[in-house]
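J.: Next input, structure requested:
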Amino acid sequence: MLKIITNPNQILRQKSQPVANVANAEIKKLISEMTEIMMTKDGVGLAAPQIGQNIRLIVINHKDEVLVIINPKIVKKSFFKEWGEEGCLSVPGKYGEVKRHKSITTKYIDDKGKTQEVSAKGLLARVIQHEIDHLDGILFVDKVRGLHQLEK
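T.: All right, here's what the predicted structure looks like:
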């Protein structure tokens, strides 16, 4: 199984490259492996840089379905933002509040190579923004207030 890269690994700080060929077998295998590790680690989202791949690919566990987001672009953001608790598989045991747009619209390519658009609010909007940050080399700890360690 793939390993999750943790902070302060420099791979997490690189800007990811667009996926050129969505339909190739390598990408399909990567999507499957990312989904498996996300579910095993009880995560809500996982970006390719978190497993050492410098490409713009995200998987999200949303309502018991896996949303595959390739080459995402946020095309619309709400004016209003809100604070919400976040954690990250690449920053284990740490949590804190991050201010994010309340709603967003994201254009992306799905795992079948089709262009899609999703309007999201609440948790899904937060997860998409968090994962896109990963693609841009940004971690939630860069934006957090009240960072704390989870007690064991």
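J.: Please enumerate the strands of this structure.
T.: Under the criterion DSSP state E, the chain contains strands at 45-47, 57-62, 65-77, 81-88, 91-101, 103-109, 115-121, 145-149.
J.: Can you work out which other helices and strands pack against the fifth one?
T.: Contacts defined by 3 or more Cβ pairs under 8 Å, 6 or more residues apart in numbering; DSSP states H and E place strand 91-101 against strand 81-88, helix 122-135, strand 145-149. From N, CA and C alone the C-beta is placed, and that goes for glycine too.
J.: and residue 102, what does it touch?
T.: 78, 80, 81, 82, 121, 122, 125 (Cβ atoms under 8 Å, 6 or more residues apart in numbering).
J.: Could you report the separation of the nearest residue to the fourth one once chain neighbours are set aside from residue 39?
T.: The shortest distance from residue 82 to any residue other than its chain neighbours is 5.3 Å, reached at residue 102 (Cβ to Cβ, 6 or more residues apart in numbering). Applying Cβ to Cβ, to the nearest Å, one obtains 27 Å for the distance of residue 102 from residue 39.
J.: Go through stretch 46-56 and flag the buried ones.
T.: For stretch 46-56, the neighbour count (16 or more other Cβ atoms under 10 Å) marks 46, 47, 48, 49, 50, 51, 53, 55, 56 as buried.
J.: Export the helices and strands packed on strand 91-101 to TSV and append columns for mean neighbour count, distance to residue 19 and mean pLDDT.
T.: Shown next, in TSV, are those (neighbours: other Cβ atoms under 10 Å; distance: least, Cβ to Cβ, whole Å; pLDDT from 0 to 100):
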stretch	mean neighbour count	distance to residue 19	mean pLDDT
strand 81-88	16	22	97
helix 122-135	21	11	98
strand 145-149	11	32	93
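J.: Can you add distance to residue 10 and give the ones you listed back as TSV?
T.: Listed next are those as TSV, based on distance: least, Cβ to Cβ, whole Å:
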stretch	distance to residue 10
strand 81-88	16
helix 122-135	14
strand 145-149	21
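J.: Brilliant, that's me finished.
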